[in-house]
Structures are given as C-alpha cells and as structure tokens.
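A.B. asks: Next one to model:
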Amino acid sequence: MTTDELLDLDPVVPVVAIDDVALAVPLARALLAGGLRTIEVTLRTEAALPAIARIAEELPDVVVGAGTIATAGQIGAARSAGARFLVSPGATPRLLDALADGGLPFLAGCATPSDVLALLERGVACAKLFPACAVGIELARALAGPFPHVRLCPTGGIDQASAPDWLALPNVACVGGTWLARGPLRDERDLARVTALARAASELRATAAPP
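C.D. replies: Numbering: from 1, shown residues only. Have a look, this model is predicted:
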C-alpha cells in the first residue's frame, strides 16, 4: 500500500487514544461497521502498542496505524506490533530519515510552506497538516496554489461540523477525526454511537460542497 492509496481509503481517519487493550478490537470493529477501514492509534498510552497488535491480528480488514510518532525507536516498535502506516505530528531530518527507512506508508506533519518544501525535497507529496485548526483552513487553501500536487490530511480540532469544509478543498484527501471515539468512549463506552458517527463520517466525501 502506498501513502496515496492510504489517503483514498476513508474521508475521515479515526484518531484514537486507547487506554484499555480490551477495548481495541471492539472499537475497531465498531468503526468498520460504520464504513471506516482505517484507524490511527496514537502512541500516548501504555495500551497503544498492544492495542495495535490486537487489532492487526484479529481484524485484518482494518488498516491500523500508529500516530504521534516522534522517534525512530517508535517506528520499529509500531511496525513490530503490526502497524500498517505511521503518522507524525511534525518532521525533522532525522525523523524523516527513519520514516523513509521504516518500510511503511507515512504522513509526516507540516504546518508551513517551508515544511512542505522540505518534504518535497525528499520526494514526499502526502502530509499531515497539524495542528489543522490552529493553522487554519485558509492556510490549507493557500497551499494548493504553489503546491497543487501535495495531498493533505488535516488533523487537530476538526469535528463533524467542520470536516466537510476541509474535505471540499482540492488538496485535502481526508481529515483526521478524534470526535469519532473520544466522547462516546470516555463518557459511556458507547460503541453503537461510535458506529453511528463512523457511518456519518464515511459519507462526508460524497456530500462535501465543491471548492
């Protein structure tokens, strides 16, 4: 799978922090039931790597990835756990070297035109725009001018209401969505609600307004 192929799987990539390994497979199954095939498990909890391993083993139809990649060591650990893609909040030359050598599709973080140029110098034309709402949708729109072939996955602060506006941009392939699981899981462990939100998210690309 290439990074371009990854970006084409879903209009919204669920971004989740899992604190209970036992919840990993039911959560991924709930998202899949709603029509979303990808899930980014952030490496922010002790349960993250075991959760990735369990999803990879039990749900081969789910494309599970590891997020918040900040060190080369995390890349090897995520790959060993079964991650099929990697996501970083930013990019340094050392981290980009490690990502390129990691053998997996990856989305390195960018937030400025200089960041995009640094990625393009390495032949990387797909990136995570982060933090999306902090840098603003107008920045994403403006980047399409000088970088028409760069495909973005904006992440950070996007919700169900604002996602269609981002997806309407010609250079936005998909968005990262924390809203799909964070509230339902934190408040009630409501997997039915996760599926409902995933179903709505899976239909966003078709309903997004033209740019």
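A.B. asks: Tell me which helix or strand comes right after the worst-scoring helix or strand of the chain on mean pLDDT.
C.D. replies: Between all helices and strands in the chain, the lowest mean by mean pLDDT, DSSP states H and E belongs to helix 182-187, at a mean of 67. Per DSSP states H and E, the first helix or strand lying C-terminal to helix 182-187 is helix 191-202.
A.B. asks: In that following helix, which of the residues would be classed as buried?
C.D. replies: Under the neighbour-count criterion of 16 or more other Cβ atoms under 10 Å, helix 191-202 has 191, 193, 194, 195, 196, 197, 198, 200, 201, 202 buried. Just so you know, the C-beta spots here come from the backbone N, C-alpha and C atoms, and that holds for glycine as well.
A.B. asks: can you pull the pLDDT of the last one?
C.D. replies: It stands for residue 202. Looking at residue 202, its pLDDT is 97.
A.B. asks: Which residue ranges of this structure form strands?
C.D. replies: Using DSSP state E, the strands found in the chain span residues 12-16, 38-42, 63-67, 86-87, 106-110, 126-129, 151-154, 175-177.
A.B. asks: would you list the ones you listed in a markdown table and tack on distance to residue 4, mean neighbour count and mean pLDDT?
C.D. replies: Shown next, in a markdown table, are those (distance: least, Cβ to Cβ, whole Å; neighbours: other Cβ atoms under 10 Å; pLDDT from 0 to 100):
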| stretch | distance to residue 4 | mean neighbour count | mean pLDDT |
| --- | --- | --- | --- |
| strand 12-16 | 14 | 27 | 97 |
| strand 38-42 | 14 | 25 | 98 |
| strand 63-67 | 14 | 26 | 98 |
| strand 86-87 | 15 | 28 | 98 |
| strand 106-110 | 11 | 27 | 98 |
| strand 126-129 | 6 | 26 | 98 |
| strand 151-154 | 7 | 24 | 98 |
| strand 175-177 | 16 | 27 | 97 |
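A.B. asks: give the contact list for residue 25.
C.D. replies: Going by Cβ atoms under 8 Å, 6 or more residues apart in numbering, residue 25 touches 54, 55, 58, 59.
A.B. asks: which residues are contacting stretch 141-158?
C.D. replies: Contacts to stretch 141-158, defined as Cβ under 8 Å, 6+ apart, come from residues 4, 7, 13, 15, 87, 107, 113, 116, 119-120, 125-134, 137, 140, 166, 169-177, 179, 211.
A.B. asks: how far does it sit from the chain's center?
C.D. replies: 14 Å (Cα atoms, centre = their mean, to the nearest Å).
A.B. asks: Just the CA trace of that stretch, in PDB.
C.D. replies: The C-alpha coordinates for stretch 141-158 follow below in PDB (Å, rounded to 0.1, in the frame of the first residue of the first chain):
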ATOM      1  CA  ARG A 141      -6.500  26.500   0.900                       C
ATOM      2  CA  ALA A 142      -3.500  28.700   0.100                       C
ATOM      3  CA  LEU A 143      -1.100  25.800   0.000                       C
ATOM      4  CA  ALA A 144      -2.900  24.400  -3.000                       C
ATOM      5  CA  GLY A 145      -1.600  27.300  -5.100                       C
ATOM      6  CA  PRO A 146       2.100  26.700  -5.000                       C
ATOM      7  CA  PHE A 147       1.800  23.000  -4.200                       C
ATOM      8  CA  PRO A 148      -1.100  21.700  -6.300                       C
ATOM      9  CA  HIS A 149       0.100  18.100  -6.200                       C
ATOM     10  CA  VAL A 150       0.600  17.900  -2.400                       C
ATOM     11  CA  ARG A 151      -2.200  15.900  -0.700                       C
ATOM     12  CA  LEU A 152      -3.000  16.800   2.800                       C
ATOM     13  CA  CYS A 153      -4.700  15.100   5.800                       C
ATOM     14  CA  PRO A 154      -5.500  18.000   8.200                       C
ATOM     15  CA  THR A 155      -5.800  16.800  11.800                       C
ATOM     16  CA  GLY A 156      -6.300  18.600  15.100                       C
ATOM     17  CA  GLY A 157      -9.500  20.300  16.200                       C
ATOM     18  CA  ILE A 158     -11.600  19.200  13.200                       C
END
